[in-house]
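Q: test case, fold it:
(one chain, ligands or ions: 2)
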Amino acid sequence: MSSKYTIGVDYGTESGRAVLVRLSDGAEIAEHVTPYRHIVIDETLPGSGMKLEHDWALQHPRDYIEVLEQSVPEVMKASGIDPAEVIGLGIDFTACTMLPIDEAGQPLCFDPAYADQPHSWVKLWKHHAAQDEANVINEIAAQRGEAFLSRYGGKISSEWMLAKSWQILNEAPEIYAIADKFVEATDWVVSQMTGQLVRNSCTAGYKSVWHKAEGYPDKEFLKALDPRLEELAETKWRGEVLPLGTKAGELTADMAARMGLAAGTAIAVGNVDAHAAVPAVGVVAPGKLVMAMGTSICHMLLGSEEKQVEGMCGVVEDGIIPGYYGYEAGQSAVGDIFAWYVDEAVPAYVLDAAKQEGVHVHEWLEKRASELKVGESGVLALDWWNGNRSVLVDTDLTGVFVGLTLLTKPQEIYRALLEATAFGTRKIVEAFHNNGVEVNELYACGGLPQKNRLLMQIYADVTNREIKIAASKQTPALGAAMFGAVAAGAASGGYDSIVDAAEKMARVREETFKPIPEHVAVYDKLYAEYNGLHDYFGRGANDVMKRLKAIKEEASGERGE
Ligand SMILES: Nc1ncnc2c1ncn2[C@@H]1O[C@H](COP(=O)(O)OP(=O)(O)O)[C@@H](O)[C@H]1O
Ligand SMILES: O=C(CO)[C@H](O)[C@H](O)COP(=O)(O)O
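A: Ligands and ions are numbered 1, 2, ... in the order given. The predicted structure is shown next:
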């Protein structure tokens, strides 16, 4: 019997990649990356050259289609597989990455009449220009005691659908009026393959404040924000929300020809990058926290009940794996903090030594830092270089070092930064575990577990939990491919559930990182000190970070006088 295959397409911030996967064992047969032609549009609008304001981040929807037209045929060519053997395809995306579309499902920015209006383009997840709207959403939701706030750790983000939709209404009412719908890019790309638009429970739940039983926020709340938003959910956000793993439709003949696949191939509903990674490491049950570790960390966890956990990004029924409540939390900088140190603060002698040894500065520092005993340096840091996303949810918090002396070495500072991010993760683990959402094991995927062994050992020691590492380097794409196999179903040679798909296709490395008891004991003491600093600086006992920010803004003339 011939093998069957599935394709996962992972849409990142700067590029998209297709991975062709064998259904029987999850083997990754071929992959291809297509960088987005327009990458991130944050300075001037394509065509008109209109200058964008600060904090804007747009994308070109055509770039997403190009990934399908280039990377999918490339993986087919590289593998030599017959298109008839590819039975399903799934995609995952950054989120909330949203766009306004017309009645025919076309992006408004494709229409020459609207192409010069920035609000007609795709707003990327990191478009942060809707903060004013987010602040009012949070204020009014808190005043009205809206129940949904507790499902999002008390805060609705400026990155999400409501703030972005409202920004369009405030700044470009003509675009708001003409738009037939606002959709997640993941749902739009799926609609371009199938010819019909359906929404998915993951982005709807985490990014559009949708609840399986209660739906979107009610009209009274939306009206309290702005009377013009009263009908938002029934109009611009309308459309069926389907659980992950559902078949969104079948590949149209036109798209099949452009992608080099067979018409009728099953296409799964869209998904989010970090969330797609969870089944790809084999996690389909509660108790196992998955960390997507790179520039930042997304923490994902399943639970059997809906619990309130301080500072989580969100809890969504069916949001990660159907049948479970999916919890998400995060640290807004991790690899980026280490990058800051390496790029901005390492002495010249370290740069020279690394060059001489022919290793990257990170590797040089990792090697020297791993020669230190736990606690030996006497240096402790708080990991708030990009604010705190969980559990304090406060972007105005900043970094701290304690214990520096004239003898402090660069490797001691580097190690303190690795440890600070591990303490931040322990805080999140404990927030879940102590509120009835068990965390017994950790799984890691993303770039960092491949790059820094000391970091992984520190995470195991600080959290006192074993850490399993993803075998795949393309974990989100593998997860998306698995959902493609589920959309196809067992009758077509795929799988009937993501649990079945994970059993056959997901893999972790044999080697794990286990806590070392002597390290755990010292880290318990250091974590107690971290906790003390965390609460002192983060919970209002000393708002020095906020006062410094105010002084800084005053000094740089940014404060309204
Ligand atoms: N050896 C290393 N040790 C620790 N951090 C590293 C190392 N090499 C690179 N980094 C950091 O890892 C991050 C990139 O992680 P990666 O998962 O590849 O990217 P992304 O989060 O963009 O997907 C950067 O912030 C970089 O500074
Ligand atoms: O909000 C998110 C997931 O909920 C991600 O941060 C966003 O999708 C971008 O991810 P990445 O930096 O890995 O591309």
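Q: secondary structure element for Arg258?
A: For Arg258, the element it lies in under DSSP states H and E is helix 253-259.
Q: using PDB, write out every CA atom in that helix.
A: Presented in PDB, the C-alpha positions along helix 253-259 are these (Å, rounded to 0.1, in the frame of the first residue of the first chain):
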ATOM      1  CA  ALA A 253      -9.700  23.300  -8.800                       C
ATOM      2  CA  ASP A 254      -8.200  26.700  -9.400                       C
ATOM      3  CA  MET A 255      -6.100  26.700  -6.200                       C
ATOM      4  CA  ALA A 256      -5.200  23.000  -6.700                       C
ATOM      5  CA  ALA A 257      -3.700  24.000 -10.100                       C
ATOM      6  CA  ARG A 258      -1.700  26.900  -8.500                       C
ATOM      7  CA  MET A 259      -0.500  24.800  -5.600                       C
END
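Q: quick one: contacts for the residue in the stretch 201-350 of the chain that ligand 2 sits nearest to?
A: Using CB to the nearest ligand atom, the closest approach of the stretch 201-350 of the chain to ligand 2 is made by Ala274 at 4.5 Å. In this view, the C-beta of every residue, glycine as well, is placed from N, C-alpha and C. Residues counted as contacts of Ala274 (CB atoms under 8 Å, 6 or more residues apart in numbering) are 292, 298, 300, 328, 476.
Q: apply 6 Å and report the result again.
A: 292, 298 (CB atoms under 6 Å, 6 or more residues apart in numbering).
Q: just Ala280 next, same as before
A: Counted by CB under 6 Å, 6+ apart, Ala280 has contacts 475, 478-479, 506.
Q: and it, how far from ligand 1?
A: In this view, Ala280 and ligand 1 are 15 Å apart by CB to the nearest ligand atom, to the nearest Å.
Q: pLDDT score assigned to the residue of the stretch 201-350 of the chain closest to ligand 2?
A: pLDDT, Ala274: 95.
Q: kindly report the same for Ser2.
A: pLDDT, read off for Ser2, is 72.
Q: what's the neighbour count on it?
A: Around Ser2 there are 9 other residues, counting by other CB atoms under 10 Å.
Q: what about it, which helix or strand?
A: Here Ser2 is assigned to no helix or strand, by DSSP H and E.
Q: without its sequence neighbours, what residue ends up closest to it?
A: Of all residues beyond its chain neighbours, the one nearest Ser2 is Glu85 (6.1 Å), with distances taken as CB to CB, 6 or more residues apart in numbering.
Q: count of neighbours near the one you found?
A: For Glu85, using other CB under 10 Å, the count is 16.
Q: list phi and psi for whatever residue of the chain ends up closest to ligand 2.
A: Per CB to the nearest ligand atom, Thr94 is where the chain lies closest to ligand 2, at 3.6 Å. Note on Thr94: its backbone torsions stand at phi -70, psi 160 [degrees, to the nearest 10].
Q: is it true that it touches His127?
A: No - applying CB atoms under 6 Å as the test, Thr94 and His127 come out as separate, 10.9 Å apart.
Q: looking at the two, which one has more neighbours?
A: His127 (26 against 21).
Q: so what's the more buried one up against?
A: By CB under 6 Å, 6+ apart, the neighbours of His127 are 56-57.
Q: could you number the chain from 37 rather than 1 from now on?
A: Let's use 37 as the start, then, which means that last one is His163.
Q: give me the element it is part of.
A: Judged by DSSP H and E, His163 forms part of no helix or strand.
Q: can you list the low-confidence ranges for the chain?
A: Where the chain drops to pLDDT under 70, the residues are 37, 594-597.
Q: domain parsing of it, as residue ranges.
A: 41-310+513-541, 371-466+552-591 (automatic domain parsing).
Q: around ligand 2, which positions in the chain sit nearby?
A: Within the chain, the positions lying close to ligand 2 (CB under 6 Å from any ligand atom) are 48-49, 130-131, 161, 242, 308-310, 334.
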